[in-house]
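Novice: coordinates only, sequence not included:
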Ligand code: SAH
């Protein structure tokens with residue numbers, strides 16, 4: 001260990017999609033062993049039952065750079081957890097914390113994986129992923145719209161199952177419909193599609209439908225929703241989506 005570092009450690013913890021039963025045992029152990037827990041209000045509330053004796057630092061949504069700086073500073077001398085919903089590598093805090101740490105110098109960091117929202121959403125829909133898939137965020141806050149559109153086009157053209165994170169926000173209502181227009185150019189209207197809102201949380205909603213009918217549900221789609229579009233082989237079965245892996249091509253059953 002370097003002489004300039006004292007005994008702190010910073011954990012970047014994925015706390016899962018909602019229900020605490022989906023917090024991993026490792027994440028739970030790390031949170032229970034931390035002196036400080038840093039996160040935004042929504043995610044801190046998600047784990048409030050297990051963190052009441054901790055020093056909590058609440059940060060606003062959008063204050064990620066400042067939050068990461070604070071976590072890195074504290075983590076030099078204390079055991080600190082900075083939390084992300086789902087998994088910290090999926091549009092979560094792992095990237096910005098490591099970038100800030102890279103500049104700040106010597107600090108011990110460990111990233112703890114979590115159940116990302118797409119795993120929860122896919123499980124609720126049955127078996128929609130299975131084969132190659134692409135996750136694309138529709139948030140244009142940090143990624144230019146041109147790049148998002150290009151990725152949508154390429155993923156749709158390459159027949160990936162597509163999962164859309166951040167499909168809509170209060171200030172960004174139009175680009176969900178625009179994204180579907182891009183995907184529709186490469187995919188049939190009857191392609192199975194799923195909507196999963198608030199997976200494993202109160203108000204959980206699961207809808208299996210088709211690409212052509214997705215806009216009928218436009219009003220319920222918000223920032224707590226994932227929209228999933230199957231590939232050319234996906235099929236609907238009892239409010240579920242199945243994407244075949246290809247067993248049928250190889251074996252008879
Ligand atoms: N790090 C998180 C994702 C953060 S981006 C993860 O790994 O899941 C936030 C987006 O994730 C939301 O806009 C929504 O599209 C999706 N999301 C997060 N939790 C969700 C849940 N419980 N149900 C449905 N979608 C969710």
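Specialist: Yep, it's here. The shown structure was predicted, so the numbers you read here are calculated from the model rather than taken from an experiment.
Novice: got the contact list for the closest residue to residue 124 other than its chain neighbours?
Specialist: Once flanking residues are discounted, residue 124 sits nearest to residue 206: 4.7 Å by CB to CB, 6 or more residues apart in numbering. For glycine as for every other residue, the C-beta is placed from the backbone atoms N, C-alpha and C. Taking CB atoms under 8 Å, 6 or more residues apart in numbering, we find residue 206 in contact with 124-125, 194-197, 199, 239.
Novice: Distance-wise, check residue 94 relative to the ligand.
Specialist: 9 Å (CB to the nearest ligand atom, to the nearest Å).
Novice: Just the pLDDT at residue 4, thanks.
Specialist: As predicted, residue 4 sits at a pLDDT of 49.
Novice: quick one: buried residues of stretch 183-194?
Specialist: Neighbour-count burial for stretch 183-194, with 16 or more other CB atoms under 10 Å as criterion, is recorded at 183-184, 186-187, 191-194.
Novice: what about it and the ligand, any contact?
Specialist: No. Figure legend: stretch 183-194 not in contact with the ligand (CB under 6 Å from any ligand atom); closest approach 10.8 Å.
Novice: With stretch 105-122 instead?
Specialist: Yes. Stretch 105-122 reaches the ligand (CB under 6 Å from any ligand atom) through 116-117, 120-121.
Novice: now do stretch 37-52
Specialist: No. Contact between stretch 37-52 and the ligand is absent, the nearest approach being 9.3 Å (criterion: CB under 6 Å from any ligand atom).
Novice: what's the burial count for residue 53?
Specialist: The burial count assigned to residue 53 is 8, neighbours taken as other CB atoms under 10 Å.
Novice: Give me the phi and psi for it.
Specialist: Main-chain torsions, residue 53, degrees, to the nearest 10: phi -100, psi 10.
Novice: returning to what we had before: how near is the residue nearest to residue 124 to the ligand?
Specialist: 10 Å.
Novice: Remind me which helix or strand that residue belongs to.
Specialist: Assigning secondary structure by DSSP states H and E places residue 206 in strand 205-210.
Novice: That strand pairs with which strands?
Specialist: In the sheet, strand 205-210 lines up against strand 192-197 (antiparallel) (DSSP bridges).
Novice: Go ahead and name everything in contact with the partner strand.
Specialist: Contacts for strand 192-197 (CB under 8 Å, 6+ apart): 120-121, 124-125, 128, 203-211, 213-214, 217, 220-222, 224-230, 234-236, 241.
Novice: quick one, domains of the chain?
Specialist: As given by automatic domain parsing, the domain ranges for the chain are 9-115, 118-242.
Novice: How about the residues of the stretch 51-200 of the chain by the ligand?
Specialist: Counting by CB under 6 Å from any ligand atom, the stretch 51-200 of the chain sits next to the ligand at 84-87, 90-92, 116-117, 120-121, 165-166, 196-200.
Novice: could you redo the last one with a cut-off of 8 Å?
Specialist: Residues of the stretch 51-200 of the chain found near the ligand (CB under 8 Å from any ligand atom) are 84-92, 114-118, 120-121, 137, 139, 164-167, 169, 196-200.
Novice: if I look at the closest residue to residue 232 other than its chain neighbours, how far off is the ligand?
Specialist: Spatial nearest neighbour of residue 232, chain neighbours left out: residue 159 (5.5 Å); criterion: CB to CB, 6+ apart. Residue 159 is 22 Å from the ligand, where distance means CB to the nearest ligand atom.
Novice: so who does residue 159 touch?
Specialist: Residue 159 neighbours (CB under 8 Å, 6+ apart): 186, 231-232.
Novice: Confirm it sits in a helix?
Specialist: No. Assessed with DSSP: H, G, I helix; E, B strand; the rest coil, residue 159 is coil; it does not lie in a helix.
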